[in-house]
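Chemist: Structure of the sequence below:
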Amino acid sequence: MAIWLASHYRINVSPSMPWTVARVEYGVQPRLGDMMLYEYRGAMTGLPSRTFFKEVVGFPGDTIRVEGRAVWVGGRFMGLAMPSTRDGTPLTPIAPGVIPEGTLYARGEHPASFDSRYRESGLVPLDAVIGIATPVF
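Modeler: Predicted coordinates for the structure are as follows:
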């Protein structure tokens, strides 16, 4: 039983989501609005985890608009890109354009979430998606 629980539930260690435990359906590709678990493949080091929980808010063909540090996807405001991490590492807003095939735009619920607003995080390749997540508590 413990092995089954450990293989189907994951713990969120980041304050970017308002929950701690999620049930994961592995191998399921997310739809718009789904919470997904994916493997972070960016170059940032010192992160508490290399797997992220984020909401899918953009699909291939959606337009990314950036004005200064403000980011929109498909006409919806995603938030302001912070100039740096808490430890002072500079962050760059994502480039404007169209989300290409094979990638998704991921958004965290917290205003300071490290998500697709940043080039350092970037768009999520479909092959980095581990599955969809349903928050438990």
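Chemist: Now for the chain, the helix or strand with the poorest mean pLDDT.
Modeler: Ranked by mean pLDDT, DSSP states H and E, the weakest helix or strand in the chain is helix 2-8, scoring a mean of 47.
Chemist: Can you report how many residues neighbour residue 54?
Modeler: Using other Cβ atoms under 10 Å, residue 54 has 28 neighbouring residues. For glycine as for every other residue, the C-beta is placed from the backbone atoms N, C-alpha and C.
Chemist: Need the three-state assignment for the nearest residue to residue 23 once chain neighbours are set aside.
Modeler: Once flanking residues are discounted, residue 23 sits nearest to residue 134: 4.9 Å by Cβ to Cβ, 6 or more residues apart in numbering. Following DSSP: H, G, I helix; E, B strand; the rest coil, residue 134 is assigned to strand.
Chemist: give the contact list for residue 134.
Modeler: Contacts for residue 134 (Cβ atoms under 8 Å, 6 or more residues apart in numbering) come out as 22, 23, 25, 35.
Chemist: okay, who's weakest in these by pLDDT?
Modeler: In terms of pLDDT, residue 22 ranks lowest among the contacts of residue 134, with 77.
Chemist: Where does that one fall, secondary structure wise?
Modeler: Take DSSP states H and E as the rule and residue 22 turns out to sit in strand 21-26.
Chemist: Could you list every helix and strand in contact with the helix or strand just after that strand?
Modeler: Using DSSP H and E, the helix or strand that follows strand 21-26 in sequence is strand 35-39. Using 3 or more Cβ pairs under 8 Å, 6 or more residues apart in numbering; DSSP states H and E, the elements in contact with strand 35-39 are strand 21-26, strand 51-58, strand 103-107, strand 129-135.
Chemist: burial measure for residue 46, as a count.
Modeler: By the criterion of other Cβ under 10 Å, residue 46 has 7 neighbours.
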